[in-house]
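Enquirer: Task: produce atomic coordinates for the following.
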Amino acid sequence: MTPDQDSNSIDSDSLLKDTAKDICALAKQHQRDSLFLLSLLRDLEQIHRRIRIDYFEAALPQNRNDLYKFVRDIEEKGGWPYIERMRLRQLLKNLELNEVSTDTATTESNFLQQQESEEFN
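Expert: Okay, here's the model as predicted:
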């Protein structure tokens with residue numbers, strides 16, 4: 001951050017609104033395609049990493065005054081940027097839930113079919 005920059009004058013939401021809408025629309029369009037969505041998340045993570053390494057780290061405060069403004073902005077506006085990853089345990093839990101619901105649906109379907117065949121006999 002340069003001394004003449006005021007972090008309050010930067011509104012990344014307005015700068016990225018259209019891009020964010022496009023990315024969300026793309027995700028919604030492929031909402032049932034887990035491999036596509038995984039690739040999209042990987043691409044976003046790669047973009048995050050590139051911005052952090054190539055630009056952000058070079059722009060970190062170089063003096064106490066700028067560091068104070070920087071830390072104050074983090075405290076006031078909400079923390080450090082982070083891309084959360086789904087934990088493997090959560091993924092496995094989701095798979096278990098899907099298996100249970102699939103097994104339950106199959107059992108119910110078999111039961112109904114059995115009842116129907118008994119009615120006809």
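Enquirer: low pLDDT regions in this protein?
Expert: 1-12, 98, 100-121 (pLDDT under 70).
Enquirer: for it, what spans make up the helices?
Expert: Assigned by DSSP state H, the chain shows helices spanning 12-29, 34-51, 64-77, 88-120.
Enquirer: TSV please, covering those helices and showing distance to A58 and mean neighbour count.
Expert: Heads up, the C-betas are built off the backbone N, CA and C, glycines and all. Compiled in TSV, the helices of the chain are given as follows (distance: least, Cβ to Cβ, whole Å; neighbours: other Cβ atoms under 10 Å):
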stretch	distance to A58	mean neighbour count
helix 12-29	18	10
helix 34-51	11	12
helix 64-77	13	12
helix 88-120	34	10
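Enquirer: Output the ones you listed in JSON lines; the columns should cover distance to E57.
Expert: Formatted as JSON lines, the helices of the chain follow (distance: least, Cβ to Cβ, whole Å):
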{"stretch": "helix 12-29", "distance to E57": "18"}
{"stretch": "helix 34-51", "distance to E57": "10"}
{"stretch": "helix 64-77", "distance to E57": "13"}
{"stretch": "helix 88-120", "distance to E57": "29"}
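Enquirer: can you list the domains in this protein?
Expert: What automatic domain parsing lists as the domains of the chain is 10-85, 87-121.
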